[in-house]
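>>> One predicted model, sequence on top.
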Amino acid sequence: MTAARSEQAVYAGDRDGAALQAAFANGEIPVAVYGLGKMGLPLAAVLAEVTGNVVGVDIDESVVAAIERGESPVEGEPGLAELVAETSADRSLTATTRGARAASDAQVHVLIVPTLMEEAEPDLSMLRAAVDAVGEGLSPGDLVIVESTVPPTTTRDVVAPRLADRSGLDPDEFGVAFCPERTASGRALEDIRGAYPKVVGGVDAESERVAGLLYDELTSNEVIPAGDATTAECVKVFEGIYRDVNIALANELARVADPLSVDVTRAIEVANTQPFCEIHSPGPGVGGHCIPLYPRFLTTTVDTDLPLIETGRAVNDEMPSFVTDAVVDLLDEQGVPVEDADVLVLGVAYRAGVDETRKSPSRPVVSQLDALGARVWAADPAVDVAAVPELPAEPVAVANVEQTASTYDAVVVMTEHDAYSDLDYEAFGDAVAVDARGSLGELPLPTYTVGAGRS
Ligand SMILES: NC(=O)C1=CN([C@@H]2O[C@H](COP(=O)(O)OP(=O)(O)OC[C@H]3O[C@@H](n4cnc5c(N)ncnc54)[C@H](O)[C@@H]3O)[C@@H](O)[C@H]2O)C=CC1
Ligand SMILES: CC(=O)N[C@@H]1[C@@H](OP(=O)(O)OP(=O)(O)OC[C@H]2O[C@@H](n3ccc(=O)[nH]c3=O)[C@H](O)[C@@H]2O)O[C@H](C(=O)O)[C@@H](O)[C@@H]1O
């Protein structure tokens, strides 16, 4: 059960570190986690496992009701269903939609709600709403931690002032820190428990110190003080930008596979045997609700030309069309006009191992083929294709792919799900293939492979 607030403040300027950590681990410091989604629920469950005193807050009543029943609404996370059942049963994790009430009972508030991109700028509306709920219940001596990925300066210039405004407290009466969620879907518990060092950055030194002490109780890895909240925000955004630009390099290099008649993926693999070389893998584009967004969290925040970052984004966003063009060219070689073609797309999820389709490169490929007049089909073992909004494709169960294979003129592998390696591609007869991931090796079909070219 949620213990009463401890007598001692968390953000107190001089609280003994060891005593604070003991109080946290003993459940004497109530914690509230705002946002119980793919990242927030695993975090709340691990915090509940460590402290025994966590209230999860979500605006979605069905999420709250499921957790209160001991069920995890988040799927695809090894160990999470069991951990939610366990921590819900012993009440070390409870859930509510009443954010302000949870805030008035908690002394540590963790915000991990979505931060998205509108057309031209970051959408922080859900973060502001969560901040308002915390502000209504904030008490002197509390600590507020932002885990949502945000544009640099957000914690200092948006979150902290808004908390003071909503709570009526002076800014120096409570602590605020940014501690990025460095977790990948499909391995959340492992990542949260310590796969990587935890970064902490405070709006002041005491916020950073206290946040570091608390995360030191949570992670088996080290806790790295970034020096301030904005530096910590840059750490997270820079990690994502590094990945996006690096993937763009791999995708641009993939374009020389045909002109040079070389297997670029093989060349990358061998180049990466040098410790200073880490070229990523070419593919059909960059999906998910993280990596495609983070570059624009920076480029829309600073009034500085960042051409490399912008170009990387453009190179990656061009890859779905590159895949569609390869399909059309191969069909043309076989004398099949794309407008008369049946095309099977294998993979709607943005990467293997997740059921997530947000910004998946498969979406533009399906839409482009549909717009060209093709009849598009899609199969994905992790995604309910029929339930994917605005996807002009007929769903096909993966189990039915082989028996329907002869009806397709082209098969496009967009996601490297293991299930696709087990298919008998002979069954596709005279069809052509585009392997956007280079994950299937030699196929018994006329094939274009991103990264290896025409075979
Ligand atoms: N999904 C991922 O792979 C990673 C995501 N992140 C970051 O974590 C944050 C959360 O992302 P996800 O968990 O993927 O989002 P999600 O969409 O899976 O879940 C978000 C949850 O927050 C709830 N919510 C929305 N507004 C709320 C409010 N005002 N109060 C309480 N709950 C609210 C929603 O109902 C939903 O249940 C984002 O900032 C994202 O950038 C960071 C690392 C990895
Ligand atoms: C280095 C890393 O694995 N970062 C994670 C990443 O998670 P995410 O689910 O976005 O997966 P990802 O592996 O970065 O892939 C993003 C997209 O990029 C594509 N991709 C990825 C790597 C690559 O070499 N080539 C490539 O084309 C993937 O297919 C996918 O469409 O972004 C997360 C985030 O920051 O939200 C971060 O916490 C995770 O740790």
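Nice, thanks for sending it over. Ligands and ions are numbered 1, 2, ... in the order given.

>>> Show me what from the chain comes close to ligand 1.
34-40, 57-60, 63, 99, 112-115, 126, 129-130, 148-149, 181, 183-185, 290 (C-beta under 6 Å from any ligand atom). Bear in mind the C-beta positions are built from the backbone N, C-alpha and C, glycine included.

>>> Thought Val159 was touching Phe174, still the case?
No - using C-beta atoms under 8 Å, Phe174 is not in contact with Val159, being 11.2 Å away.

>>> circling back: quick check on the residues of the chain next to ligand 1: which are buried?
Among these, the ones that count as buried by 16 or more other C-beta atoms under 10 Å are 34-40, 57-59, 63, 99, 112-115, 126, 130, 148-149, 181, 183-185, 290.

>>> Can you list the helices and strands that the lowest-mean-pLDDT helix or strand in the chain packs against?
Ranked by mean pLDDT, DSSP states H and E, the weakest helix or strand in the chain is strand 116-117, scoring a mean of 92. Identification of packing neighbours for strand 116-117 by 3 or more C-beta pairs under 8 Å, 6 or more residues apart in numbering; DSSP states H and E yields strand 122-123.

>>> need the next SSE after the strand it packs on, C-terminal direction.
Note on strand 122-123: by DSSP states H and E, the next helix or strand toward the C-terminus is helix 125-137.

>>> where do the helices sit along the stretch 201-350 of the chain?
205-218, 229-254, 257-260, 264-271, 294-299, 307-333 (DSSP state H, counting those that start in this stretch).

>>> now the longest one, how far from the centre of its chain.
By that I understand helix 307-333. Helix 307-333 has its C-alpha centroid displaced from the chain centroid by 23 Å (C-alpha atoms, centre = their mean, to the nearest Å).

>>> tell me which residues in it are buried?
By neighbour count on 16+ other C-beta under 10 Å, the buried set for helix 307-333 is 309, 312-313, 315-317, 319-320, 322-324, 326-328, 330-331.

>>> which non-adjacent residue is nearest the one residue in the stretch 201-350 of the chain that gets nearest to ligand 1?
Nearest to ligand 1 in the stretch 201-350 of the chain, going by C-beta to the nearest ligand atom, is Cys290, at a distance of 5.2 Å. Sequence neighbours aside, Gly240 is the residue nearest to Cys290 in space, at 6.1 Å (criterion: C-beta to C-beta, 6 or more residues apart in numbering).

>>> doesn't Thr149 make contact with that neighbour?
Yes - between Gly240 and Thr149 a contact is recorded at 7.5 Å, counting by C-beta under 8 Å.

>>> Thought Ala133 was touching His109, still the case?
No - the pair His109 / Ala133 is not scored as a contact, 9.1 Å apart, by C-beta under 8 Å.

>>> More neighbours: the two, which one.
Neighbour totals were compared for His109 and Ala133, and His109 leads with 30 against 22 (other C-beta atoms under 10 Å).

>>> tell me the contacts of the residue of the chain most remote from its centre?
Distance from the centre of the chain peaks at Gly335, with 41.2 Å (C-alpha atoms, centre = their mean). By C-beta atoms under 8 Å, 6 or more residues apart in numbering, no residues touch Gly335.

>>> Which parts of the protein belong to which domain?
With domains defined by automatic domain parsing, the chain comprises 17-227, 238-308, 317-454.

>>> Could you tell me the end-to-end distance of the shortest one?
Right, domain 238-308. Using C-alpha to C-alpha, to the nearest Å, one end of domain 238-308 lies 13 Å from the other.

>>> centre of the chain versus that domain, how much separation?
Taking C-alpha atoms, centre = their mean, one finds the center of domain 238-308 at 17 Å from the center of the full chain.

>>> hmm, it touching ligand 2?
Yes - residues of domain 238-308 contacting ligand 2 under C-beta under 6 Å from any ligand atom: Gly240, Arg243, Ile247, His280, Ser281, Gly283, Val286, Gly287, Gly288, Cys290, Ile291.

>>> which among these gets closest to Glu28?
Cys290 (34.6 Å; C-beta to C-beta).

>>> so what's the backbone phi/psi at the closest one?
Phi and psi for Cys290, reported as degrees, to the nearest 10, are phi -120, psi -70.

>>> before we move on, what about Gly56?
Torsion angles, degrees, to the nearest 10, at Gly56: phi -90, psi 140.

>>> how close does it get to Gly17?
27 Å (C-beta to C-beta, to the nearest Å).

>>> Taking this protein, what residue is nearest to ligand 1?
Going by C-beta to the nearest ligand atom, ligand 1 is nearest to Gly37 of the chain, at 1.7 Å.

>>> pLDDT score assigned to that residue?
The pLDDT attached to Gly37 in the predicted structure is 98.

>>> Check whether it really touches Val74, as I assumed.
Yes - when contacts are counted by C-beta under 8 Å, Gly37 is listed as touching Val74 (6.8 Å).

>>> Low-confidence ranges, the protein, go.
Flagging of the chain using pLDDT under 70 yields the residue ranges 1-5.

>>> Could you pull up the residues touching the residue in the stretch 351-455 of the chain that ligand 2 sits nearest to?
As assessed by C-beta to the nearest ligand atom, ligand 2 sits closest to Arg351 within the stretch 351-455 of the chain, at 3.8 Å. The contact partners of Arg351, by C-beta under 8 Å, 6+ apart, come to Gly287, Gly288, Thr415, Glu416.

>>> picking that back up, which residues sit against the least confident helix or strand of the chain?
Identification of contacts with strand 116-117 by C-beta under 8 Å, 6+ apart yields Pro122, Asp123, Met126, His289, Leu293, Arg296, Phe297.

>>> what two of these have the greatest distance between them?
Met126 and Arg296 (17.1 Å).

>>> Correct me if wrong: Gly347 contacts Asp380.
Yes - taking C-beta under 8 Å as the definition, Gly347 is a contact partner of Asp380 at 5.7 Å.

>>> Find the residues that touch each one of these two.
Joint contacts of Gly347 and Asp380 (C-beta under 8 Å, 6+ apart) are Thr415, His417.

>>> Neighbour count for the two, which is higher?
Under the criterion of other C-beta under 10 Å, the comparison of Gly347 against Asp380 puts Gly347 first, with 30 against 27.

>>> Which residue lies closest in space to that one, excluding its sequence neighbours?
Thr415 (2.6 Å).

>>> hang on, the residue of the stretch 201-350 of the chain closest to ligand 1 packs against Glu181?
No - between Cys290 and Glu181 there is no contact under C-beta under 8 Å: 9.6 Å.

>>> who touches both of the two?
Common neighbours of Cys290 and Glu181, using C-beta under 8 Å, 6+ apart, are Thr149.

>>> can you map out the strands along the stretch 351-455 of the chain?
For the stretch 351-455 of the chain, strands defined by DSSP state E, counting those that start in this stretch occupy the ranges 375-379, 394-395, 410-413, 432-435, 447-449, 453-454.

>>> JSON lines for these, including mean neighbour count and distance to ligand 2?
Converted to JSON lines, the strands of the stretch 351-455 of the chain look like this (neighbours: other C-beta atoms under 10 Å; distance: least, C-beta to the nearest ligand atom, whole Å):
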{"stretch": "strand 375-379", "mean neighbour count": "22", "distance to ligand 2": "16"}
{"stretch": "strand 394-395", "mean neighbour count": "16", "distance to ligand 2": "21"}
{"stretch": "strand 410-413", "mean neighbour count": "28", "distance to ligand 2": "12"}
{"stretch": "strand 432-435", "mean neighbour count": "28", "distance to ligand 2": "13"}
{"stretch": "strand 447-449", "mean neighbour count": "24", "distance to ligand 2": "14"}
{"stretch": "strand 453-454", "mean neighbour count": "18", "distance to ligand 2": "17"}
